[in-house]
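>>> I'll drop the sequence and a predicted model, then ask my questions.
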Amino acid sequence: MSRKWYNNGKINVFRENKPEGFVEGMLQSSREKMSKSKKGKPSWNKGLTKEMDERVNNISLTQKNRVFSEEHRKKISESTKRAMKDPEVKKKLHKSKKYSKESLKIKLSKEYLTKKKNNSFNTSKPEEELYQKLQEEYNSKHIYRNYKEERYPFYCDFYILEDDLFIELNNHWTHGGKPYDPEDIECQQKLKLWQEKAKQSKFYENAIKTWTERDVEKQRVAKENNLNYKVIY
């Protein structure tokens, strides 16, 4: 079937064939009628844009110049404090945005590339000290910081290229002081303590995830991919 371009007999719009019920000149005739009916009449939004801009500016000025009394500000402060003590309110405020696994991977990759470009990775004093020691020990080898690749899709603290060695420094207390083991009594006692504190602290809630989920997942991936992997506590 030959392909043709039809629009009221003019070669403009692509179609396999003329549509059913197509009448030559129909669209052009309708446009001409609409044009004649509106000729000489002002546009429906003439002057409306200017009027709306003035109204918006007046509202902005009113809000900007709005002044609360000392008593009113005190009431706002007290009601805000009461609301922040409500667990449901805190839960809504701290509810994190959910991403699919694929979109999260893309998001983290973009963040990594941006930080790498701007050299804006957060580093602690212990990390800097360990980096100096690694430079002394592996002075003729390439040491990469915040290294990430397909076998280990996390931001590894240090990577020794020639030894294919991944090194994680888990010196912060949020890593639990040692690898998490659900069978270990000491780990369970510490976890229960953190869980109690997490009821009032988002910081402890994140620490639990770091120690019992993220660190465990890193170790699992390293073992699964048979990596030369070292964790320092």
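Structure's in. What do you need? Numbers count the residues shown, from 1 in each chain.
>>> residues of stretch 200-220 that come out buried?
Residues of stretch 200-220 classed as buried by neighbour count (16 or more other Cβ atoms under 10 Å): Tyr204, Glu205, Ala207, Ile208, Thr210, Trp211, Thr212, Asp215, Lys218. For glycine as for every other residue, the C-beta is placed from the backbone atoms N, C-alpha and C.
>>> what's the host helix or strand of the first one packed up against?
When secondary structure is defined by DSSP states H and E, Tyr204 falls within helix 202-209. Packed against helix 202-209 by the contact rule (3 or more Cβ pairs under 8 Å, 6 or more residues apart in numbering; DSSP states H and E) you find helix 185-198.
>>> helices or strands next to the helix it packs on in the packing?
In terms of contacts (3+ Cβ pairs under 8 Å, 6+ apart), helix 185-198 is packed against helix 202-209.
>>> and the angle for the helix it packs on with helix 185-198?
Using axes from the mean of the first three to the mean of the last three Cα atoms, to 10 degrees, the inter-axis angle of helix 202-209 relative to helix 185-198 is 150 degrees.
>>> now do helix 202-209, average pLDDT.
Throughout helix 202-209, pLDDT has a mean value of 93.
>>> ok, of the buried residues of stretch 200-220, which one's closest to Ile76?
Nearest to Ile76 among those, counting by Cβ to Cβ, is Glu205 at 28.4 Å.
>>> does that closest one touch Glu196 like I think?
No: assessed by Cβ atoms under 8 Å, Glu205 is found out of contact with Glu196, at 11.4 Å.
>>> what's the helix or strand that comes right after the helix holding Tyr204 in contact with?
Next helix or strand after helix 202-209 toward the C-terminus (DSSP H and E): helix 215-224. With contacts defined as Cβ atoms under 8 Å, 6 or more residues apart in numbering, helix 215-224 is touched by 151-154, 166, 168, 170, 175-176, 179-180, 227, 229, 231.
>>> those, buried ones only, as a PyMOL selection?
In PyMOL, this line selects whichever of the contacts of helix 215-224 come out buried by 16+ other Cβ under 10 Å:
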select buried, resi 152+154+166+168+170+175+176+180+229+231
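>>> now intersect the contacts of helix 215-224 with the helices, please.
Judged by DSSP state H, the subset of the contacts of helix 215-224 located in helices is empty.
>>> kindly reformat the contacts of helix 215-224 as CSV containing distance to Ser124 and pLDDT.
Below are these laid out as CSV (distance: Cβ to Cβ, whole Å; pLDDT from 0 to 100):
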residue, distance to Ser124, pLDDT
Arg151, 25, 93
Tyr152, 21, 94
Pro153, 22, 91
Phe154, 17, 91
Phe166, 19, 95
Glu168, 13, 95
Asn170, 12, 93
His175, 12, 94
Gly176, 17, 93
Pro179, 20, 94
Tyr180, 21, 94
Leu227, 24, 95
Tyr229, 21, 95
Val231, 16, 94
